[in-house]
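Undergrad: build me a structure from this.
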Amino acid sequence: MQPPLLMVPQQNAAEAAAPAPAYYAHAPASATVELGDLGRILLRRRFLIFVVTALLTAVTLVYAMLTPALYSSTAQIIIDPQDLQVVTNDVNPSRISPDGGITQVESQVSVAQSNSVLLRAIAATDLTKNPEFNGSGVLDRWLGMLFGPDDGDRTAETLDALRRRLAVKRDDKVLVLNIIVTAKSADLAAKLANAIAQAYLDDQAAARSKAAADASDAISARLEDQRKRVEQAANAVETYKAEHNMVMAAGNLVSDQELTDLNTQLTAAQTRTAQLKAQVDQLRRQGSAPDATSEAMRSPVIASLRAQEATLVDQIAQFGTELGPRHPSMISAQQQLSDLRKLIARELGRLVTAAETDYERALANQKELEAKVASLKGKSLDTDQASVRLRELQRDLDAVRTVYANYLQRAQETREQTSVNSTNARIISQAMPALKKSWPPKGLLIFGAIFGGLALGIGMALIAEYLSPTVLSANQMQSAIDAPVLGVLPGRGRRSGALAQKTDAVAGLALQRIAATTRRPADWPLVPSILVASPPEDKAQRSRVAWQLANAAAARGRRVLFIDINAGKGQKNPQPGVLDVLRGEYPLEAVCRYAPGSSVALIGRGRPTAVFQEAQALYFAHRMLAEANHSFELVVVDGGALADDLNVLPLVAMADEILLVARLNATPMRDVASTSEAVSVMGRLPTGAMLVDEAA
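TA: A predicted model of the protein is given here:
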């Protein structure tokens, strides 16, 4: 009677009956990549990184060699936000913004790149005829040779090309504009930069001149209206004066001027009359001695007569002493003195009469002036009411005249400003032909291509790893199969004693871990067994791990049976092996053999002549392990690729430990998942894993 499936080891009974866990279908999603795994990813995909870097560097080098050289020249303009103050009332007032004019100068960056400035520069340099800027490429020249040249306007193409080659920048914290032009010719680049700088200055001057001209035209258009208003106000004043018979002279009414003059004359006449009256009164008070008056003292005639009188008195006194009173000379002198005094008396009388006559004449003049003033005052009362309205009209006339005068002056000022450039900007640095090309910078491009290629290659390597992840570490493998990693074997590489010792130590430690975690009853009749499986691509590593485990156990004195499910596979006449035992055709002892120089017994695949039934195969697998328990202490099975070979199912069901083998940085995670899924389909779960590090 064949034993049922319950005869599998008890520690694996639950696993054998359990359904396949869900995580096997999503192993790549549950696998995680640690930071330390990035180095392994980059090392494994170093060829991709190198190819991407080399390709990008080669393309960059070809570009740098084939791209025509470009030269850049810079012209500098300094802009003072406070413009020149040419006149007091400037059309363009000079004001500085609170930020020191930075915003104003920053806006000039756009002005320097405007169409008006660039079109001036294009016209000044005749740039529309330059093939580098007018858009006429090689194809256009060939078509021109076939069908005739294209004489169309290329200003738009030239403007667009120039704008692409132009850069206007403002240095930080300064009011300087840098006008940078790039061209294939160093001389052309400098010429264009200087032309654009000069075009900017000319455009600013023209804009300000136009603003002044527009203001002048607007003011001049208002001058005619203001002149008509002045004329209307003046006509109103003259009409009012004519209606009220008001004659003006020097801005005042003639009647008012006459009254003022008469008042002045009357005052002078009154003063004169008072003076003459005082003089007459004085003469009258003197009576018989009018010669004591001031008028007599001021009279030259009286003075002359008095002098003669004094002379005669002196002479008479002398004659009286020398000649005596009766001397004819004495008598003649006395007679002359008497006549002279009569003349003085008559002259004094004439002065009194003249003073009285002057007084009477002055009094009559005063009375006449008083009569005229009284008459004019009567007329002035009649014109006072009319003068109020006249003064109002006159004020209106003065106001419109003032406005007209201001308009006239402002029009003249703005007209003069059209020919004055008040822009406070100048070129401080003329562009010079560049000595070195600005593009392409070969060293910088190659340097950037190398580092860019490395970055791109690393990115592509990470993307490739994300799309097709591989086993990167023991933790990732353990997370993927939910089983411990028992060890990491170094790759074959160069065989040496140290490497062999390390490999044996890792295999021995793995066996100890398996022994420490195996829960077998003491009287269990089956020999301990380990089945090693892997994806098909890891065949060599799987065989090596299986042999290493077998040799390590044998080296520690244990009797080992090694079953290689792939040995003899594909041969025409293979020797009997494990498949023959599972079909019950051969006993275990009949198919065992020992390799020369080895203490490990070997069993090959055998002859796949017939397909055995699952229940029958499980029975014979159980019997085989029970028989092996008498001669061996450990059975190691190289199970091959489980997903491709269902003949190994009985061994999977009866094995104590199922180990998966994978290569670090090489085995895709999808292959690990498919192998784990194959194990689960066969009713078991992986109990551990062994990794092979080919780089070690």
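
Undergrad: and residue 584, helix, strand or coil?
TA: What DSSP: H, G, I helix; E, B strand; the rest coil gives for residue 584 is coil.

Undergrad: look up phi and psi at it.
TA: As for residue 584, its main-chain torsions (degrees, to the nearest 10) stand at phi 80, psi 20.

Undergrad: spatially nearest residue to it, not counting backbone neighbours?
TA: Of all residues not flanking residue 584 in the chain, residue 620 sits nearest, at 5.0 Å (Cβ to Cβ, 6 or more residues apart in numbering). All C-beta spots, glycine's among them, are computed from the backbone N, C-alpha and C.

Undergrad: can you list the helices and strands that the helix or strand where the one you found lies packs against?
TA: Taking DSSP states H and E as the criterion, residue 620 maps to helix 614-631. Helix 614-631 sits against helix 578-582, helix 588-591, helix 649-654, with contacts defined as 3 or more Cβ pairs under 8 Å, 6 or more residues apart in numbering; DSSP states H and E.

Undergrad: convert the C-alpha atoms of that helix to PDB, please.
TA: Output of helix 614-631 as PDB, limited to C-alpha atoms (Å, rounded to 0.1, in the frame of the first residue of the first chain):
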ATOM      1  CA  GLU A 614       1.700  11.500  -9.200                       C
ATOM      2  CA  ALA A 615       0.500   9.300  -6.400                       C
ATOM      3  CA  GLN A 616       2.800   6.400  -7.500                       C
ATOM      4  CA  ALA A 617       5.700   8.800  -7.800                       C
ATOM      5  CA  LEU A 618       5.100  10.200  -4.300                       C
ATOM      6  CA  TYR A 619       5.200   6.600  -3.000                       C
ATOM      7  CA  PHE A 620       8.400   5.700  -4.600                       C
ATOM      8  CA  ALA A 621      10.000   9.100  -3.700                       C
ATOM      9  CA  HIS A 622       9.000   8.300   0.000                       C
ATOM     10  CA  ARG A 623      10.500   4.800  -0.300                       C
ATOM     11  CA  MET A 624      13.700   6.200  -2.000                       C
ATOM     12  CA  LEU A 625      14.300   8.600   0.900                       C
ATOM     13  CA  ALA A 626      13.500   5.900   3.400                       C
ATOM     14  CA  GLU A 627      16.000   3.600   1.800                       C
ATOM     15  CA  ALA A 628      18.600   6.400   1.600                       C
ATOM     16  CA  ASN A 629      18.200   6.900   5.300                       C
ATOM     17  CA  HIS A 630      20.100   3.600   5.800                       C
ATOM     18  CA  SER A 631      23.100   4.600   3.800                       C
END
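
Undergrad: how far is that helix from where the chain is centred?
TA: Taking the mean of its C-alpha atoms, helix 614-631 sits 82 Å from the chain's own mean (Cα atoms, centre = their mean, to the nearest Å).

Undergrad: got the contact list for it?
TA: 2-3, 5, 7, 525-527, 529, 559, 561, 578, 581-584, 587-589, 601, 612, 635, 649-651, 653-654 (Cβ atoms under 8 Å, 6 or more residues apart in numbering).

Undergrad: restricted to buried residues, select those residues in PyMOL.
TA: Buried residues within those, by 16 or more other Cβ atoms under 10 Å, are selected in PyMOL with:
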select buried, resi 7+526+527+529+559+561+578+581+582+583+588+601+612+635+649+650+651+653+654
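
Undergrad: and the average pLDDT for the top helix by length along the chain is what?
TA: If you go by DSSP state H, the chain has its longest helix at helix 328-417. For helix 328-417, the mean per-residue pLDDT is 78.

Undergrad: and if you look at stretch 267-279?
TA: Stretch 267-279 carries an average pLDDT of 83.

Undergrad: check which residues of that stretch are buried.
TA: Using 16+ other Cβ under 10 Å as the test for burial, stretch 267-279 gives 269, 270, 272, 273, 276, 277, 279.

Undergrad: hang on, the last one packs against residue 355?
TA: Same thing as residue 279. Yes. Judged on Cβ atoms under 8 Å, residue 279 makes contact with residue 355 at a distance of 5.1 Å.

Undergrad: check contacts around residue 271.
TA: Neighbouring residues of residue 271 by Cβ under 8 Å, 6+ apart: there are none.

Undergrad: returning to what we had before: residue 680: which of the helices and strands packed on helix 614-631 is closest?
TA: If you check each of the helices and strands packed on helix 614-631 against residue 680 by Cβ to Cβ, helix 649-654 wins as the nearest, at 10.3 Å.

Undergrad: name the helices or strands packed onto the helix or strand just after that closest one?
TA: Using DSSP H and E, the helix or strand that follows helix 649-654 in sequence is strand 657-663. Other elements packing on strand 657-663 under the criterion 3+ Cβ pairs under 8 Å, 6+ apart are strand 529-533, helix 539-555, helix 669-681, strand 688-693.

Undergrad: how far off strand 529-533 does strand 657-663 point, in degrees?
TA: Using axes from the mean of the first three to the mean of the last three Cα atoms, to 10 degrees, the direction of strand 657-663 lies 30 degrees away from that of strand 529-533.
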